[in-house]
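Participant: take a look and give me a structure for this.
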Amino acid sequence: MLSKMVQRLDDGMSTAIQDSILLRPLMLFASKMRGRTAHSVWPKMGKFLQITAFALTALMLAILALPQFANDKEGLALIVAAVTGLFCLGHLMGGPQSESRKPSYIDITVLAFVCANVISTFASHYMIESTKGLAKLAVYALAYFTFTSILSTDNRRRTLLLLSSACLGAFFVSLYGLYQYKIGVAPLATWEDPTLESKGTRIYSTLGNPNLLAGYLIPLIPISMGLTAIALSVKQKGLKALAFIIALGVSLTIACATLLTGCRGAFIALGAMAGTTCLIIAGSIATKKPKLILPTILILLLLGAIGALAIHFLLPSIETRLLSVFSGSEHSSNAYRMNVWRASLKMLQENWWFGVGPGNTTFRLAYGLYMKSGFDALGTYCVPLEIIVEAGIAGLAAFAALLGGLFVQGHLLFWRGDLTARIIGLSLCIALVGLFVHGLVDTVFYRPQIHFLFWMIAACLVRAEIKS
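Facilitator: So this is what the prediction gives:
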């Protein structure tokens with residue numbers, strides 16, 4: 001029933017686009033251009049350009065964490081613009097992927113979220129500053145539509161290649177972080193509260209911030225573990241063993257580096273991802289083999305207890321960091337976030353309908369009117385709160401619909417796909433859980449290194465093949 005409803009929504013979206021007064025002329029123009037080049041060498045060149053666009057996308061996902069992109073954020077926007085330009089030019093030249101991009105109901109939620117931010121921009125007291133934030137969102141939305149177009153052909157293989165590329169980049173970033181831990185790198189800021197925590201090394205690798213590094217690695221843990229499971233389906237025995245060992249090594253390295261960031265939000269996200277995975281596994285077993293549900297629950301509880309004991313005896317510094325979450329305002333970082341949340345809620349009370357406008361520049365200008373002295377901030381340190389403060393109630397509703405739609409896609413993929421599809425769907429949904437649980441207590445979600453990963457995950461879920 002759910003899959004039929006999704007199919008009807010997708011069909012309705014296709015019909016609406018075909019009947020659109022704005023889009024129909026563009027579609028007719030593209031169709032005429034393709035017709036003129038159909039019997040020439042141009043389609044081959046178009047195919048080459050589209051393959052180049054895919055390769056450039058994979059490269060971008062691998063180099064997201066390079067230090068130059070931490071300061072030069074426009075570089076990533078230029079890469080997205082290049083990918084989009086190459087793909088669109090390939091479309092006009094008759095590339096084979098041109099007719100395979102079917103509209104999805106999730107496209108509606110993305111466009112609704114963009115529209116809510118457009119309204120918020122023009123309703124803002126800081127319209128000029130808000131246009132900068134709107135431009136950033138436009139780049140991310142463009143990336144989503146480009147990613148979904150690129151994945152429209154041979155989507156299983158291309159999805160695995162994009163996910164592998166992102167994990168490979170994270171692997172090298174994690175290796176550098178482990179090197180920092182070995183040499184005991186000095187912190188770049190004094191964010192720890194020495195009265196409540198033992199001093200320890202927090203790695204930040206190429207990103208310059210432990211919390212940002214953790215936010216970047218969190219979604220790639222379940223994705224890399226999913227690729228490890230998929231490696232076991234390789235038919236050649238020698239290749240299967242090699243693929244499994246490499247994928248497992250990448251997964252463990254990324255997970256280890258995440259722990260060594262000392263990011264408390266990441267620890268909470270790891271717990272949420274583990275708990276969600278256990279619930280899904282238990283639910284799947286209960287549906288297919290009800291007799292095994294009790295042993296499964298006991299095994300999962302035993303593994304959880306072993307993990308808790310391992311942290312207590314082997315990783316006391318991580319346990320101290322995790323327990324500091326419950327120390328309330330006695331911990332300086334907790335107190336800082338609480339003050340930011342209170343000020344942000346005051347902003348929301350007066351701007352709940354349209355928001356103050358998108359972008360951190362607009363936020364800081366508005367936040368200055370509500371902040372407590374000494375507690376300046378770039379964001380609300382809570383993604384849902386940030387969205388409603390910036391784009392109002394319509395923006396939050398649109399984003400909630402987007403997120404809900406992605407989980408529906410993952411649900412259908414898990415229950416209706418083959419083994420590989422089920423693993424992909426599960427790992428991508430767990431990655432979303434990690435991203436947004438971490439986002440409840442931090443604001444690094446808005447950094448391009450993490451935001452592009454989110455839109456890549458969304459594109460992979462939207463373009464996944466789901467059986468009727």
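Participant: any stretches of the stretch 101-250 of the chain with poor pLDDT?
Facilitator: Within the stretch 101-250 of the chain, the stretches with pLDDT under 70 are 188-199.
Participant: could you rerun that using 50?
Facilitator: Applying pLDDT under 50 to the stretch 101-250 of the chain picks out no residues at all.
Participant: repeat for the stretch 351-468 of the chain
Facilitator: The low-confidence ranges in the stretch 351-468 of the chain, as defined by pLDDT under 50, are 468.
Participant: recalculate using a threshold of 70.
Facilitator: 465-468.
Participant: show me the helices in it, by range?
Facilitator: For the stretch 351-468 of the chain, applying DSSP state H, counting those that start in this stretch gives helices covering 360-367, 383-416, 419-439, 448-462.
Participant: for the one helix or strand Leu175 maps to, list every residue counted as buried.
Facilitator: For Leu175, the enclosing helix or strand under DSSP states H and E is helix 155-183. Of the residues in helix 155-183, 155-156, 158-174, 176-177, 180-181 count as buried by neighbour count, 16 or more other Cβ atoms under 10 Å. Using the backbone N, CA and C atoms, a C-beta is placed for each residue, glycine as well.
Participant: counting contacts, what elements does that helix pack onto?
Facilitator: Other elements packing on helix 155-183 under the criterion 3 or more Cβ pairs under 8 Å, 6 or more residues apart in numbering; DSSP states H and E are helix 42-62, helix 210-217, helix 220-231, helix 237-260, helix 419-439, helix 448-462.
Participant: show residues contacting the second one.
Facilitator: Counting by Cβ atoms under 8 Å, 6 or more residues apart in numbering, helix 210-217 makes contact with 64-65, 170, 173-174, 177, 202-205, 207, 254, 257-258, 261-263, 265-266, 435, 438-439, 442, 444-445, 447, 449-450, 453, all of which sit outside it.
Participant: show me how far it is from its chain's centre.
Facilitator: Centre-to-centre, helix 210-217 and its host chain are 12 Å apart (Cα atoms, centre = their mean, to the nearest Å).
Participant: returning to what we had before: what's the most buried one of the helices and strands packed on helix 155-183?
Facilitator: helix 210-217 (a mean of 28; mean count of other Cβ atoms under 10 Å).
Participant: quick check: angle from that helix to helix 237-260?
Facilitator: Using axes from the mean of the first three to the mean of the last three Cα atoms, to 10 degrees, one finds that helix 210-217 and helix 237-260 are set 150 degrees apart in direction.
Participant: phi first, then psi, for Trp353.
Facilitator: Dihedral pair for Trp353: phi -80, psi -50, per degrees, to the nearest 10.
Participant: next, the contact list for it, please.
Facilitator: Shown in contact with Trp353 (Cβ under 8 Å, 6+ apart): 392-393.
Participant: so Val173 touches Ala65, yeah?
Facilitator: Yes: judged on Cβ atoms under 8 Å, Val173 makes contact with Ala65 at a distance of 4.5 Å.
Participant: common neighbours of these two, please.
Facilitator: 205-207, 213, 216.
Participant: residue boundaries of the helices in the stretch 51-200 of the chain?
Facilitator: 67-71, 74-92, 105-123, 127-150, 155-183.
Participant: in JSON lines: those, plus distance to Gly368.
Facilitator: As requested, the helices of the stretch 51-200 of the chain are exported to JSON lines (distance: least, Cβ to Cβ, whole Å):
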{"stretch": "helix 67-71", "distance to Gly368": "24"}
{"stretch": "helix 74-92", "distance to Gly368": "26"}
{"stretch": "helix 105-123", "distance to Gly368": "19"}
{"stretch": "helix 127-150", "distance to Gly368": "12"}
{"stretch": "helix 155-183", "distance to Gly368": "35"}
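Participant: quick one, which of those helices is nearest to Val234?
Facilitator: Shortest separation from Val234 across these is recorded for helix 155-183, at 11.5 Å, computed as Cβ to Cβ.
Participant: tell me what angle that closest one forms with helix 42-62.
Facilitator: 30 degrees.
Participant: that older thread, out of the helices of the stretch 51-200 of the chain, the one nearest Asn334 is which?
Facilitator: helix 155-183 (25.0 Å).
Participant: report the angle between the closest one and helix 448-462.
Facilitator: 150 degrees.
Participant: endpoints of stretch 141-161, how far apart?
Facilitator: From its first residue to its last, stretch 141-161 covers 22 Å (Cα to Cα, to the nearest Å).
Participant: so what touches it?
Facilitator: Contacts for stretch 141-161 (Cβ under 8 Å, 6+ apart): 50, 53-54, 57-58, 80-81, 83-84, 87, 96-97, 100-102, 104, 107, 110-111, 113-114, 162, 227, 230, 420-421, 424, 452, 455-456, 458-460, 462-465.
Participant: could I get the helices and strands packed on helix 155-183 as a markdown table with distance to Gly359?
Facilitator: Listed next are these as a markdown table, based on distance: least, Cβ to Cβ, whole Å:
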| stretch | distance to Gly359 |
| --- | --- |
| helix 42-62 | 22 |
| helix 210-217 | 18 |
| helix 220-231 | 27 |
| helix 237-260 | 29 |
| helix 419-439 | 17 |
| helix 448-462 | 13 |
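Participant: out of those, which is closest to Leu294?
Facilitator: Comparing the helices and strands packed on helix 155-183 by Cβ to Cβ, helix 419-439 comes nearest, at 22.4 Å.
Participant: so how far is that closest one from its chain's centroid?
Facilitator: Worked out by Cα atoms, centre = their mean, helix 419-439 lies 10 Å from the chain centre.
Participant: also stretch 59-79?
Facilitator: Offset of stretch 59-79 from its chain centre (Cα atoms, centre = their mean): 16 Å.
Participant: next: stretch 53-72.
Facilitator: Once both centres are worked out by Cα atoms, centre = their mean, stretch 53-72 turns out to sit 15 Å from its chain's centre.
Participant: repeat that for stretch 103-110.
Facilitator: The answer for stretch 103-110 is 17 Å, by Cα atoms, centre = their mean.
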